[in-house]
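> Have a look; sequence and predicted model below, questions after that.
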Amino acid sequence: SIRLHPKVVSVTNEVERSVIKLEIDFKEKKHKIESSIPQKESKGSRPIINAEQFLESLSVSEFAGSFRDFWRKWREIGGDTSFGTTGFSIGITISGGRKPLHFFYNDNFYLVTPKSVENYNIDDHVYENYKNELKSNFPKAYDLLIGNRAMILYSDISKDELLSIFNASFNLVKDLRESEEK
C-alpha cells in the first residue's frame, strides 16, 4: 500500500491547470515528482505536441526519418501539417479551404476514406486514382478501404509500405490540383 503525505514545500501558486507526474521506484526506494503547466497554444486541457514530440512517441522508432522526409516534401508541395494533442493531420488548401487528407498518431494512421471524399468534396476520379495506387503498391491498405476501414497500425506495416502511403498522398494532391484547374 502506498501512503502519500503531502507537504507544502514553497508558497503555493494558483494556476489554471497543471499535470502532476509521480514516479515511484520501489526497488531503489526513490520517488520523483514533476509538475508542468500545459502550453498556452493548447486547446482543452492537453498541450499541443510538436514534430519532435511526435517522433519521440512513435511506436515504430525506425519510421522517424521517413516522417521527417515526408514533412519536408509535404511543405515543398504547399501542404500543411497541423499538430494536435496526440498526433497531426496533413492537408492541402484548395478552392479556398483546407482539405485534411490523413490523420497520424503515435501508433496508427488513417487512410483517406470515402467519408473524407464526401466531406471535402474530393472528385471521385481523383479518389479512384488514390485507391488504384494503393491497390498496386500496398494491397493491404486497399483491402481495408474496400472493407470501409481506414486505420493502420505502424506495427503491422513495413517502411516501404509507409512510404507508399506517403507517395499516394503526394499523387493525390497533384491530382486534386489538376482537377481544380479544369
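Yep, that arrived. Model, not experiment: these values are computed from the prediction.
> pLDDT wise, what is residue 13 at?
With respect to pLDDT, residue 13 scores 43.
> If you could redo that for residue 1, that was the one I meant.
Each residue has a pLDDT score; the one for residue 1 is 58.
> Also residue 95?
So residue 95 comes in at 79 (pLDDT).
> shouldn't it be in contact with residue 179?
No. Here residue 95 does not reach residue 179: they are 10.2 Å apart, not a contact under C-beta atoms under 8 Å. C-beta coordinates here come from the backbone N, C-alpha and C atoms, glycine included.
> neighbour count winner among these two?
residue 179 (15 against 9; other C-beta atoms under 10 Å).
> so the more buried one is in which element?
Assessed by DSSP states H and E, residue 179 sits inside helix 159-181.
> residues in contact with that helix?
The list of residues contacting helix 159-181 from outside it, by C-beta atoms under 8 Å, 6 or more residues apart in numbering, reads 62-63, 66, 70, 73-74, 77-79, 90, 92, 94-95, 99, 101-102, 109, 111-112, 122-123, 125-126, 129-130, 133-134, 137-138, 140-141, 152, 154.
> redo that, cut-off 7 Å
62-63, 66, 70, 73, 77, 79, 90, 92, 94-95, 101-102, 112, 122-123, 126, 129-130, 133-134, 137-138, 141 (C-beta atoms under 7 Å, 6 or more residues apart in numbering).
> Can you flag which of those belong to strands?
Those of these mapping onto strands are 90, 92, 94, 101-102, per DSSP state E.
> I'd like the residues you listed as JSON lines, with distance to residue 165 and neighbour count appended.
JSON lines is the format used below for those (distance: C-beta to C-beta, whole Å; neighbours: other C-beta atoms under 10 Å):
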{"residue": "90", "distance to residue 165": "11", "neighbour count": "21"}
{"residue": "92", "distance to residue 165": "16", "neighbour count": "20"}
{"residue": "94", "distance to residue 165": "20", "neighbour count": "17"}
{"residue": "101", "distance to residue 165": "10", "neighbour count": "23"}
{"residue": "102", "distance to residue 165": "8", "neighbour count": "21"}
